[in-house]
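In: got a predicted model here, sequence first, then my questions.
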Amino acid sequence: MGRKSFDSYNQLVSLFVVGCETVLTGSVFTLYYNLMQDTLLHKSAESPMMQIVLILMLCYFIAAMQVGVVLYKRKIYAFQIVTKIFKNITGFGLLAGIILYVGDFMDTWSWFYLYYLIGLFVAITLFRLTLRNILKIYRRKGGNIRYVVLVGSTENMQDLYYELTNEDYTGYRVRGYFDFEPNPMFPTDCQYLGRPEEVVGYLKSNHDTHYLFCSLPSRYSDIIRKLIDFCENNVVRFFSVPNLYNYLHNRVYFNMMGNVPFLSLRRDPLSRLGNKLLKRAFDIIFSLTFLCTLFPFIFVIVAVITKVTMPGPIFFRQKRNGLNDEEFYCYKFRSMRVNKEADTLQATKNDPRKTKWGNIMRKTNIDELPQFINVLKGDMSIVGPRPHMLKHTEEYSKLINKYMVRHLVKPGITGWSQVTGFRGETKELKDMEGRIRGDIWYIEHWSFGLDLFIIYKTVMNAIHGEKKAY
């Protein structure tokens, strides 16, 4: 494929994928509609099937084009594709549901519609992952190749070279690098092509070059400007690669403040208003539903057993650090005897302060359930970094680098670290360091789908019993 047509390739892939999925949307409904004939679920559809199918297909096409397709991206992972599909189905489900319900075409407040959306999610997931694997095979065999030239040989350009070439399915072919002299530290399989002044001549002779990555320092602005002008006038994508390795060794993200570009240290999905509203809406609905249904029965059972097994209050209230390091009172069912060390000493495996009933509550996470009150109040979220005691925050913030990053979001009843092995007593500093790494990873990779997965893992761990829950 020529250099001038690779932009249209991505657009054609998106249109093809969305078009196929639009047909799949109607096909899944038709199949489901026919399978549910003569059942109570079938009665949810109040209009002719073809009318509903056409509305569903139109709504899906609109929703999918808004969310977009990431299949053509060269470095993309399965979980990112599934997350995009989940957003797509959620938007489609709401749009089509409102239109079908208001237009009296179908009762979308029904199990019939929910089962259809679940079935469609599974079908589209299988479709996109299959296409992704086909595209990988196609690129491995030499199709859809992108030729790359590097200008500069700094440490970050070496890392970029490996990112471009370590997976053959990405379809990148790095032809070599330009610099003022050969760099003995640069990978030997990346050819030295000459000095930066020779880049334009090389590009004129190699018309099929797609991308140019440049890491020259700003003092060579005259050369850089010539490279930019040539690339802009000859359909070569120019990318500037800042050399931050002198003072920064973690990933950074590009942002714009008006017309001024700047780099941030991490991606922060929960800083976006839409994501904040989605997470808060889920917190309110989930916590309110739980507090109004199951919680009263659990509270009665816990209150009776607690009063019988140990004197003192039913609830335990403790100050902890939350969003922006603000203090709040965290609620729990009391699992220990009343003691003076409750606010300073962490629970251990054979802690004499615990009772047998307290152990059961901790193993099954029942002691954490009053924190749904904190969620409803807005102090906490259902999923997030676990809030720590004030004493621990004060101590560990001095010992662990980036510890306070975890306070950029609301703390949670459960979290990524808790479902990946970092729950319980932190006997050594490395245990807490692992927990903090997990918390920061969650902040940087948040998605609604990730929250649902963490909730699922928490429930499964509670059912099977957690070894570190003490």
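Out: Received the coordinates, thanks.
In: buried set for stretch 15-30?
Out: By 16 or more other C-beta atoms under 10 Å, the buried positions in stretch 15-30 come out as 17-18, 21-22, 24-26, 28-29. No exception for glycine: its C-beta is placed from N, CA and C like everyone else's.
In: now render those as a markdown table, adding distance to M185, secondary structure and pLDDT.
Out: Converted to a markdown table, those look like this (distance: C-beta to C-beta, whole Å; DSSP: H, G, I helix; E, B strand; the rest coil; pLDDT from 0 to 100):
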| residue | distance to M185 | secondary structure | pLDDT |
| --- | --- | --- | --- |
| V17 | 42 | helix | 87 |
| V18 | 45 | helix | 88 |
| E21 | 47 | helix | 92 |
| T22 | 51 | helix | 93 |
| L24 | 50 | helix | 93 |
| T25 | 53 | helix | 93 |
| G26 | 57 | helix | 92 |
| V28 | 55 | helix | 92 |
| F29 | 59 | helix | 91 |
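In: closest to C59 among these?
Out: T25 (8.4 Å; C-beta to C-beta).
In: any idea how far the spatially closest residue to that closest one that is not a sequence neighbour lies from D107?
Out: In space, and not counting its chain neighbours, T25 is closest to Y60: 4.3 Å by C-beta to C-beta, 6 or more residues apart in numbering. Per C-beta to C-beta, to the nearest Å, Y60 is found 19 Å from D107.
In: among those two, which residue is more densely surrounded?
Out: Applying other C-beta atoms under 10 Å to Y60 and D107 shows that Y60 carries more neighbours, namely 26 against 16.
In: spit out the contact partners of the more buried one.
Out: 21-22, 25, 92, 96 (C-beta atoms under 8 Å, 6 or more residues apart in numbering).
In: over to G449?
Out: So G449 contacts 79, 82-83, 86 (C-beta under 8 Å, 6+ apart).
In: need the per-residue pLDDT for it.
Out: pLDDT, G449: 87.
In: that one belongs to a helix?
Out: Yes: counting by DSSP: H, G, I helix; E, B strand; the rest coil, G449 falls inside a helix.
In: what about the helix or strand of the chain with the lowest mean pLDDT, distance to the chain center?
Out: The least trusted helix or strand in the chain, going by mean pLDDT, DSSP states H and E, turns out to be strand 253-257, with a mean of 75. Offset of strand 253-257 from its chain centre (C-alpha atoms, centre = their mean, to the nearest Å): 19 Å.
In: buried ones in stretch 285-303, by neighbour count?
Out: Across stretch 285-303, burial judged by 16+ other C-beta under 10 Å covers 286-287, 290-291, 295, 299, 302.
In: now render those as CSV, adding distance to E232, secondary structure and pLDDT.
Out: Formatted as CSV, the buried residues of stretch 285-303 follow (distance: C-beta to C-beta, whole Å; three-state DSSP; pLDDT from 0 to 100):
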residue, distance to E232, secondary structure, pLDDT
F286, 50, helix, 93
S287, 53, helix, 94
F290, 57, helix, 94
L291, 59, helix, 94
F295, 62, helix, 93
F299, 67, helix, 93
V302, 68, helix, 90
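In: tell me the one of those nearest W416?
Out: Using C-beta to C-beta, those come closest to W416 at F286, 17.7 Å.
In: relative to L429, how far out is that closest one?
Out: Taken as C-beta to C-beta, the span from F286 to L429 is 35 Å.
In: would you map the strands across the stretch 101-250 of the chain?
Out: Using DSSP state E, counting those that start in this stretch, the strands of the stretch 101-250 of the chain run over 146-151, 172-178, 192-194, 209-214, 237-240.
In: can you list these in TSV and add distance to Y138?
Out: Shown next, in TSV, are the strands of the stretch 101-250 of the chain (distance: least, C-beta to C-beta, whole Å):
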stretch	distance to Y138
strand 146-151	13
strand 172-178	14
strand 192-194	28
strand 209-214	17
strand 237-240	21
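In: dump the ones you listed into TSV; add distance to M336 and mean pLDDT as well.
Out: Output for those, formatted as TSV (distance: least, C-beta to C-beta, whole Å; pLDDT from 0 to 100):
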stretch	distance to M336	mean pLDDT
strand 146-151	60	93
strand 172-178	57	92
strand 192-194	67	93
strand 209-214	58	93
strand 237-240	57	92
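In: which one of the ones you listed lies nearest to N374?
Out: Nearest of the strands of the stretch 101-250 of the chain (C-beta to C-beta): strand 237-240, 45.3 Å.
In: strands paired with the closest one, and their directions?
Out: strand 209-214 (parallel) (DSSP bridges).
In: what's the spacing between the strand it pairs with and its chain's center?
Out: For strand 209-214, the distance to the chain centre is 29 Å (C-alpha atoms, centre = their mean).
In: could you check the angle it makes with strand 172-178?
Out: 50 degrees (axes from the mean of the first three to the mean of the last three C-alpha atoms, to 10 degrees).
In: CA atoms only: put strand 209-214 into PDB for me.
Out: This file holds the C-alpha atoms of strand 209-214, laid out as PDB (Å, rounded to 0.1, in the frame of the first residue of the first chain):
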ATOM      1  CA  THR A 209       8.900   6.200   3.900                       C
ATOM      2  CA  HIS A 210       5.800   6.700   6.200                       C
ATOM      3  CA  TYR A 211       7.100   7.900   9.500                       C
ATOM      4  CA  LEU A 212      10.100  10.000  10.700                       C
ATOM      5  CA  PHE A 213      10.900  10.200  14.400                       C
ATOM      6  CA  CYS A 214      13.200  13.000  15.500                       C
END
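In: specify the angle between it and strand 146-151 in degrees.
Out: Between strand 209-214 and strand 146-151, the angle comes out at 30 degrees (the same axes, to 10 degrees).
In: could you report the neighbour count for the residue nearest to P313 when sequence neighbours are not counted?
Out: Spatial nearest neighbour of P313, chain neighbours left out: R334 (6.2 Å); criterion: C-beta to C-beta, 6+ apart. By other C-beta under 10 Å, the residues close to R334 number 22.
In: if we can go back for a sec, from the contacts of Y60, which single one is nearest L193?
Out: Using C-beta to C-beta, those come closest to L193 at E21, 43.1 Å.
In: that closest one: what's it in contact with?
Out: 60, 64, 124, 127.
In: ok, 10 Å please
Out: 28, 57, 60-61, 64, 69, 85, 88, 92, 120, 123-124, 127-128 (C-beta atoms under 10 Å, 6 or more residues apart in numbering).
In: go on, F328?
Out: Neighbours of F328 in contact, by C-beta under 10 Å, 6+ apart: 318-322, 374, 377-380, 387, 410-411.
In: and stretch 446-466, what's buried?
Out: 446-451, 453-455, 458, 461-462, 466.
In: low-confidence ranges, this structure, go.
Out: For the chain, applying pLDDT under 70 flags the ranges 1-11, 38-47, 70-75, 245-250, 338-352, 354, 423-427, 465-470.
In: name only those of the contacts of G449 that count as buried.
Out: 82-83, 86.
In: and of the buried residues of stretch 15-30, the nearest to V235?
Out: V17 (24.9 Å).
In: wait, doesn't the closest one sit right on V67?
Out: No: between V17 and V67 there is no contact under C-beta atoms under 10 Å: 11.4 Å.
In: what segments of the stretch 351-470 of the chain are helices?
Out: 356-364, 371-377, 390-399, 416-419, 429-445, 448-464 (DSSP state H, counting those that start in this stretch).
In: I'd like the ones you listed laid out as CSV, including distance to L216.
Out: Converted to CSV, the helices of the stretch 351-470 of the chain look like this (distance: least, C-beta to C-beta, whole Å):
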stretch, distance to L216
helix 356-364, 58
helix 371-377, 51
helix 390-399, 40
helix 416-419, 40
helix 429-445, 30
helix 448-464, 39
